[in-house]
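S.K.: output the structure for:
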Amino acid sequence: METERILVVDDDEKICQILTLYLRSRGYEVTSCRNGSNALTAFSDSAADLIILDITLPGMDGLSVLRKLRETSNVPVIMLTAHTDEDERVRALGLGADDFIIKPFDPKELVARIRAVLRRSGSGPAKSVKQDLLSVGDLTIDRTSRRVRRSGTEIKLADREYELLLLLVLYKNRVVKRSRILEDVFPDLSDLSRSPDVHISRLKSRLGPSDDWAIETIPRVGYRFAVRKQDRG
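M.R.: Presented below is the predicted three-dimensional model:
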């Protein structure tokens, strides 16, 4: 699996340093820039998989950088802002921003948002999986409509159940640790001790048993979406 490349753009040197160190510790390749002009050059020289872009930058502001990026690229962009101005967020979304995070923020929440955006864009944990439709045996996940089907019959899932299933399928046949699930699927909950177990149980109940695959619990470690038969199609 390739390492995702992240470009951090913020005029605050301390924020750049903190994010660079933290994201590298989480396994990302990170480049940082302090202004919009350098960011565009850095992206042109070595395309990132995702950009974390501060709105308030010297010279060319973040919205101008985003507008310029969208002329040639659909790279996922998470905007950083110290303001809660709704009009500002509406403008950024209109220009093609994928998500927002307001300063000050918890780096763990930012990582969860990064992973979620990468999954939605098809660039995340499995770079080879870029199609909108994922099929594993009798199970099909439509990432555009967020619908799940078994043998053509739709299965209604809650949002967290869908995110949990998608994460497991993207890492099929590999163990996904509880810590990864907590960061990706439950970043906003304070009491996390039993959340994965409860949602895994509900997810298994909704999906039912299959001869093609199984969701396995790895005690004290995490969970695995184990494929028993070769994927169809």
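S.K.: contacts made by the longest helix that the chain contains with the rest, please.
M.R.: Of all the segments of type helix in the chain, defined by DSSP state H, the longest one is helix 107-121. By CB atoms under 8 Å, 6 or more residues apart in numbering, the residues outside helix 107-121 that reach it are 4, 6, 18-19, 22-23, 26, 28, 49-50, 52, 74, 76, 78, 98-99, 101, 124-125, 143, 163, 166-167, 170, 183-184, 187-188. In short, each C-beta sits where N, CA and C put it, glycine included.
S.K.: make a ChimeraX selection of the buried ones in those residues.
M.R.: Taking 16 or more other CB atoms under 10 Å as the burial criterion, the selection of buried members of the contacts of helix 107-121 in ChimeraX is written as:
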select :4,6,19,23,26,28,49,50,52,76,78,98,99,101,124,125,143,163,166,167,170,183,184,187
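S.K.: tell me which of the contacts of helix 107-121 fall in helices.
M.R.: Of the positions in the contacts of helix 107-121, 18, 19, 22, 23, 163, 166, 167, 170, 183, 184 sit in helices, assigned by DSSP H.
S.K.: domain map for this structure?
M.R.: 5-121, 133-227 (automatic domain parsing).
S.K.: low-confidence stretches in this structure?
M.R.: Per-residue confidence for the chain (pLDDT under 70) gives these ranges: 1-2, 122-132, 187-195, 229-233.
S.K.: those strands in it, which residues are they?
M.R.: For the chain, the strands identified by DSSP state E occupy 5-9, 29-33, 50-54, 77-81, 99-102, 133-136, 139-142, 147-150, 153-155, 175-177, 213-218, 222-227, in order along the chain.
S.K.: just name the most buried of the ones you listed.
M.R.: Greatest average neighbour count among those goes to strand 50-54 (a mean of 26), per mean count of other CB atoms under 10 Å.
S.K.: quick one, that one and strand 77-81 angle?
M.R.: Using axes from the mean of the first three to the mean of the last three CA atoms, to 10 degrees, the interaxial angle of strand 50-54 with respect to strand 77-81 works out to 20 degrees.
S.K.: and the residue nearest to residue 99 when sequence neighbours are not counted, what is it in contact with?
M.R.: If you skip the residues right next to it in sequence, residue 99 has residue 78 as its closest partner in space, 4.7 Å away by CB to CB, 6 or more residues apart in numbering. Contacts were defined as CB under 8 Å, 6+ apart; by that measure residue 78 touches 50-53, 97-101, 110, 113-114, 117.
S.K.: let's see that with 7 Å instead.
M.R.: Taking CB atoms under 7 Å, 6 or more residues apart in numbering, we find residue 78 in contact with 50, 52, 98, 99, 101, 113, 114, 117.
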